[in-house]
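Enquirer: Just to be clear, the model below is a prediction. Sequence and coordinates:
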Amino acid sequence: MNAPLPIVETVSLPHGSYQVLLGPGLLDSLGAACRRACAAMEVALVSDETVDSLHGAAAAAALEGAGMRVVHIVVPAGEASKSMEMAERCCREMTRGGLGRNSLVVALGGGVVGDLAGFVAAIHYRGVPYVQVPTTIVAQVDSSVGGKTGVNLAEGKNLVGAFHQPKLVLADSDLLATLPDREFREGFAEVIKHAAIRDPEMLDAVVALDPQARHDLAPLMARNVAIKARIVEADTEERSGLRALLNFGHTIGHGIEAEAGYGGMLHGEAISLGLRAALDLSVRHAGLSLGFAERVMRALRHFVLPTTLGPDFSTEGILKRLALDKKFESGAIRFVLLRAPGDAFVSSDLSVEQIAGAIERLRADMD
Ligand code: NAD
Ligand code: GLY
């Protein structure tokens, strides 16, 4: 039986539009899709150890089946691989494997592999094309689209990077079936973020899902990709402030994630805490209704995402991380708040004391 036709979303940009293909059974067509998207016949297939063991052979077979030469690059799983050292290692493996200016990078994995491999593609021989094959919810709804690539420094998350748009995103929803329960649930933090800032009705679709079951998620993934694509089209390099709205929940969330030590907490788990703090500040300082904040919180709890900050985290430590974050400018933190469901804005008016208060209130249980 033939696989159903994929859902196609296009990211329309002045310097190169690209398609996001979503649906089950797409991995087999990776080679043919890459050949349609770009001329390169030599490929660095970058993955992490976990994803490579599950899906690497099928991805390589699909590329080789289309006549491409594949150099396999496998990095350890987890956030710690988003580093300058790992980027250098990938570039060196590509060079040793004979992959130069005319090669293609294929990122097979979650947001970590996508951000790292995209960054490698941005800098290798001053830039080669790349294709995203996202394998987590976070990557399918968010990180594979929009061209933000980069690595972390010990000082903070994503502090080194480049805007480099992919030639194609191929999101095979079957690949989500192998996600462990915790990694499956964490991805919904970014879905819930999209709902809060752009599509409040999507919260109903989210809480209707059984977090234990593996549904066909392609339509929900596509709904999120459409939200992200329209924002990226309107503010590709985060200059007007529109794209910054995607950082809702990420200011304190990134601070907590960095403070936990990379890999200490999953990205979506830290963002869940960041969302609670951002909702709290939105209710207090932007007029958001408590009812909507509680509705978003119910969605986070539906996916058993953390909403209470543990005693191991000091408020001061998280605040220090914020001062090193890209969102801190000329002494003021640019903080995304919600004034109403689906209506977010960037505020520079919050004081450090107000932000510290929100972090402190994360220590209290919700129920
Ligand atoms: P991840 O890439 O670390 O994946 C989580 C875990 O799931 C890893 O251990 C991985 O090996 C495993 N895994 C991945 N796919 C699997 C599969 N199909 N089956 C079994 N196991 C699988 O984490 P993530 O949550 O996907 O991404 C988080 C990263 O994405 C963070 O670094 C974050 O900063 C970044 N991010 C970037 C953007 C962007 O716009 N560039 C947006 C959001 C998040
Ligand atoms: N995930 C935030 C962005 O892509 O802008």
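Expert: Looks like it came in fine. As the structure is a prediction and not an experimental result, all values here were calculated from the model. Ligands and ions are numbered 1, 2, ... in the order given.

Enquirer: Could you list the low-pLDDT ranges of the protein?
Expert: Along the chain, the model assigns pLDDT under 70 to residues 1-3, 325-331, 367.

Enquirer: What residues does the residue nearest in space to the middle of the chain make contact with?
Expert: Within the chain, the residue whose C-alpha comes closest to the C-alpha centroid is Ser143; the distance, by C-alpha atoms, centre = their mean, is 3.1 Å. In this structure, Ser143 makes contact with 110-111, 114-115, 134, judged by C-beta atoms under 8 Å, 6 or more residues apart in numbering. (C-beta placed from N, C-alpha, C; glycine too.)

Enquirer: and the helix or strand containing Asp204, how far out from the chain's middle?
Expert: Assigning secondary structure by DSSP states H and E places Asp204 in helix 202-207. When C-alpha coordinates are averaged (C-alpha atoms, centre = their mean, to the nearest Å), helix 202-207 and its chain have centres 20 Å apart.

Enquirer: following that helix, which helix or strand shows up next?
Expert: Sequence order places helix 218-234 as the next helix or strand after helix 202-207, per DSSP H and E.

Enquirer: anything in that following helix near ligand 2?
Expert: No. Helix 218-234 stays clear of ligand 2 (C-beta under 6 Å from any ligand atom), getting no nearer than 6.8 Å.

Enquirer: Give me the three-state assignment for the closest residue to His250 other than its chain neighbours.
Expert: Among residues not flanking His250 along the chain, Gly274 sits closest, at 5.8 Å (C-beta to C-beta, 6 or more residues apart in numbering). Following DSSP: H, G, I helix; E, B strand; the rest coil, we place Gly274 in the helix state.

Enquirer: tell me the contacts of the residue nearest to Pro24 when sequence neighbours are not counted?
Expert: Distances taken as C-beta to C-beta, 6+ apart put Asp174 closest to Pro24, at 4.7 Å, once the chain neighbours are dropped. If you count contacts by C-beta under 8 Å, 6+ apart, Asp174 has them with 24-27.

Enquirer: quick check, nearest of these to Met366?
Expert: Of all these, Pro24 has the smallest distance to Met366: 36.1 Å, by C-beta to C-beta.

Enquirer: wait, isn't the closest one in contact with Pro4?
Expert: Yes. In this structure, Pro24 sits in contact with Pro4. The criterion is C-beta atoms under 8 Å, and the distance is 6.9 Å.
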